[in-house]
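> Give the three-dimensional model of this entry:
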Amino acid sequence: MSNSKIRLKGGCHCGAVEYEVRVGRQLSVRECNCSICSKSAYLHLIVSARDFHLLKGQDDLSEYRFNTGVARHLFCKHCGIKSFYVPRSHPDGFSVNVNCLDLPGEVAVTVEQFDGQNWERNAAALKQLSEDG
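Coordinates of the predicted model:
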């Protein structure tokens with residue numbers, strides 16, 4: 001299976017927020033056990049800023065920051081879904097919730113666990129996740 005980049009659309013539940021990402025056909029995503037990710041069933045796919053394009057909904061986003069304030073958690077003001085955000089681990093890119101992408105059948109997704117409850121100890125393992133390659 002080729003891992004050349006393809007374009008996928010994603011967004012929130014109500015459709016106010018829509019975006020497009022360029023990703024490979026083989027996705028490695030992280031399921032984090034931190035307080036916010038575990039409560040929202042967020043599956044992280046890290047993409048570079050050049051591979052993310054917000055199609056609509058900039059004015060429909062609400063921002064939430066906590067702890068260090070580096071991560072910019074972005075939620076749809078209408079339906080409350082966080083379909084993407086700017087993560088602390090990659091502040092120059094985005095984390096896209098794979099659960100919010102329209103995935104075609106030819107895209108393979110591998111889910112790996114990440115211990116976000118101990119973020120400081122484990123953050124270095126996230127550096128290689130950017131889809132820059």
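> Let me see the ranges of the helices in the protein.
35-40, 119-122 (DSSP state H).
> of all those, which lies closest to Lys5?
helix 35-40 (25.5 Å; Cβ to Cβ). In this view, the C-beta of every residue, glycine as well, is placed from N, C-alpha and C.
> Mean neighbour count, the helices of the chain: which tops it?
Stretch with highest mean neighbour count among those: helix 35-40 (a mean of 14; mean count of other Cβ atoms under 10 Å).
> among the helices of the chain, which gets the worst mean confidence?
Between those, the one with the least mean pLDDT is helix 119-122; it has a mean of 71.
> Run a quick neighbour tally on Ala108.
13 (other Cβ atoms under 10 Å).
> whoops, Tyr19 was the one
Neighbour count of Tyr19, defined by other Cβ under 10 Å: 22.
> before we move on, what about the one 5 residues further on?
For Gly24, the count of nearby residues is 16 (other Cβ under 10 Å).
> Turn the helices of the chain into CSV, including distance to Leu101.
Shown next, in CSV, are the helices of the chain (distance: least, Cβ to Cβ, whole Å):
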stretch, distance to Leu101
helix 35-40, 15
helix 119-122, 24
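> Let me see the contact set for the closest residue in space to Glu20 that isn't next to it in sequence.
Leaving out its chain neighbours, the residue that sits closest to Glu20 by Cβ to Cβ, 6 or more residues apart in numbering is His53, at 4.8 Å. Neighbouring residues of His53 by Cβ atoms under 8 Å, 6 or more residues apart in numbering: Tyr19, Glu20, Val21.
> And the nearest residue to the first one once chain neighbours are set aside, what's its pLDDT?
Okay, so that is Tyr19. Closest residue in space to Tyr19, ignoring its immediate chain neighbours: Leu54 at 4.9 Å, by Cβ to Cβ, 6+ apart. You'll see Leu54 listed with a pLDDT of 98.
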